[in-house]
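Novice: My questions are about this predicted structure, shown below with the sequence.
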Amino acid sequence: MRLILLGPPGAGKGTQAKLLVERYGIVPLSTGDMLRAAVAAGTPVGLKAKDIMAGGGLVPDEVVVGIIADRILEPDAAQGFILDGFPRTVPQAEALDRLLKERGLKLDAVVELRVNESALLQRVEARVAQMEARGETVRIDDTPEVLSKRLAAYRAQTEPLVHYYSERRALLTIDGMMTIDEVTKEIERVLSAIVAAEKRAKAAPRKARELSKASKVAKTAAKAPVKADKAVKKQAAAAKTAPKKAAKKASKKPSKAAAKGAKKAASRNTAKKGGKKAVKKAAKVANKAARKAGSTAKKAAKKHAKSRSKTVKRLTKRR
């Protein structure tokens, strides 16, 4: 949380700043304290401020911005900060905007505590009277006269910041005339609303993606019945025409599978018939050859027997 508190002297900025530091764990950045710390640390910006302060001059805006630039980079400022006493003028506000932009940061809110100046003067007068009645010493800077001068300086230099931040929609105006607790609660309410808005803004892209995805799913689901209906109609039409197409196709020519099967079957039948014929023919040839061989053998046996008989007769006659 990065905040600026605006309001005239006596509006209660210091009190509310302490409460905000405790509530959000942020650091208070007082330009006076930062200048003194920078001078004590001997930083380049601090040394420059030391020379100017030693000469009685006012520290230029660029030096103050340089000190703030160094301070917000420290680890304890990582959770945020609340600026006290800066910016006091529009040029300082513009310089602060440039610094934050360079750092990739932004102000979360500028809280204005609006009060009635006449009422503030009456409060101071009453307080001074009470202190004098008790015999206490009144601070020099805590008188109606001093307050009047400070209020005039605020109107001239710092009040234009109200318009500056209002134009940038960063201004939150709180009634500073309420009690301290009421002012605290009102500041808490408006800052909580800002935190919630930032969370919604961060979640918006993710939600947008989820909605886009859900929309696509819904559109797909909506188209599904139409697609299914078309598919059913197409299947029904195909089923209706399938028998006619099949019959027409079958009447024109057999399918390749049927033709191939018929060819194979014919081949098998031919081979079977041819085998039977070949066997019968071979059997006939074999029988014929056997009969011929048997006839020849008989003739040869008869011839041999006849020749033997003649030989026997011839030999018998010689004896």
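Specialist: On my side now, so go ahead. Computed from a predicted model, the values in this text were never measured in an experiment.

Novice: can you give me the helices for the chain?
Specialist: 13-24, 31-41, 44-54, 61-71, 90-102, 117-134, 144-153, 160-167, 180-252, 256-318 (DSSP state H).

Novice: in this protein, what secondary structure element scores lowest on mean pLDDT?
Specialist: Least confident element among the helices and strands of the chain, by mean pLDDT, DSSP states H and E: helix 256-318 (a mean of 60).

Novice: Mind listing what's buried along stretch 25-35?
Specialist: 26-31, 34-35 (16 or more other CB atoms under 10 Å). Every C-beta, even on glycine, is put in place using the N, C-alpha and C of the backbone.

Novice: quick one: which of those is nearest residue 5?
Specialist: residue 28 (9.8 Å; CB to CB).

Novice: Can you give me every residue that contacts the closest one?
Specialist: Contact analysis of residue 28 by CB atoms under 8 Å, 6 or more residues apart in numbering lists 17-18, 21, 81-82, 84.

Novice: Can you spell out the domain ranges of this structure, please?
Specialist: With domains defined by automatic domain parsing, the chain comprises 2-26+79-208, 273-319.

Novice: Out of those domains, which one sits most buried?
Specialist: Highest mean neighbour count among these (mean count of other CB atoms under 10 Å): domain 2-26+79-208, with a mean of 15.

Novice: ok, back up a step: including distance to residue 165, could the contacts of residue 28 go into JSON lines?
Specialist: Compiled in JSON lines, the contacts of residue 28 are given as follows (distance: CB to CB, whole Å):
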{"residue": "17", "distance to residue 165": "17"}
{"residue": "18", "distance to residue 165": "22"}
{"residue": "21", "distance to residue 165": "21"}
{"residue": "81", "distance to residue 165": "17"}
{"residue": "82", "distance to residue 165": "15"}
{"residue": "84", "distance to residue 165": "16"}
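
Novice: Which member of those is positioned nearest residue 183?
Specialist: Nearest to residue 183 among those, counting by CB to CB, is residue 17 at 11.8 Å.

Novice: Read off the pLDDT value for that closest one.
Specialist: Listed pLDDT for residue 17 reads 92.

Novice: what does the one 10 residues further on give?
Specialist: pLDDT, residue 27: 93.

Novice: List the contacts of the residue nearest to residue 176 when sequence neighbours are not counted.
Specialist: Once flanking residues are discounted, residue 176 sits nearest to residue 113: 3.5 Å by CB to CB, 6 or more residues apart in numbering. By CB under 8 Å, 6+ apart, residue 113 lies in contact with 5-7, 11-13, 16, 174, 176, 183.

Novice: farthest pair in the residues you listed?
Specialist: Checking those with CB to CB, the most distant pair is 6 and 183, at 13.6 Å.

Novice: hmm, back to that, what pairs with the residue nearest to residue 176 across the strands?
Specialist: residue 174 (DSSP bridges).

Novice: Please shift the residue numbers so they start at 23 in all later answers.
Specialist: All right, first residue 23 from here; so that's residue 135.

Novice: measure it to residue 38 for me?
Specialist: The gap separating residue 135 from residue 38 is 7 Å, by CB to CB, to the nearest Å.

Novice: shared neighbours of those two, which are they?
Specialist: With CB under 8 Å, 6+ apart as the test, residue 135 and residue 38 both reach 27, 205.

Novice: Against residue 25, how distant is residue 216?
Specialist: 10 Å.

Novice: circling back: for the buried residues of stretch 47-57, which one is nearest residue 96?
Specialist: Of the buried residues of stretch 47-57, the one sitting nearest to residue 96 (CB to CB) turns out to be residue 49, at 8.3 Å.

Novice: from memory that closest one sits against residue 98, does it?
Specialist: Yes. Using CB atoms under 8 Å, residue 49 is in contact with residue 98, at 5.2 Å.

Novice: Quickly note the distance from residue 191 to residue 52.
Specialist: From residue 191 to residue 52 the distance is 27 Å (CB to CB).

Novice: Then residue 97?
Specialist: 19 Å.

Novice: before we move on, what about residue 89?
Specialist: From residue 89 to residue 52 the distance is 11 Å (CB to CB).
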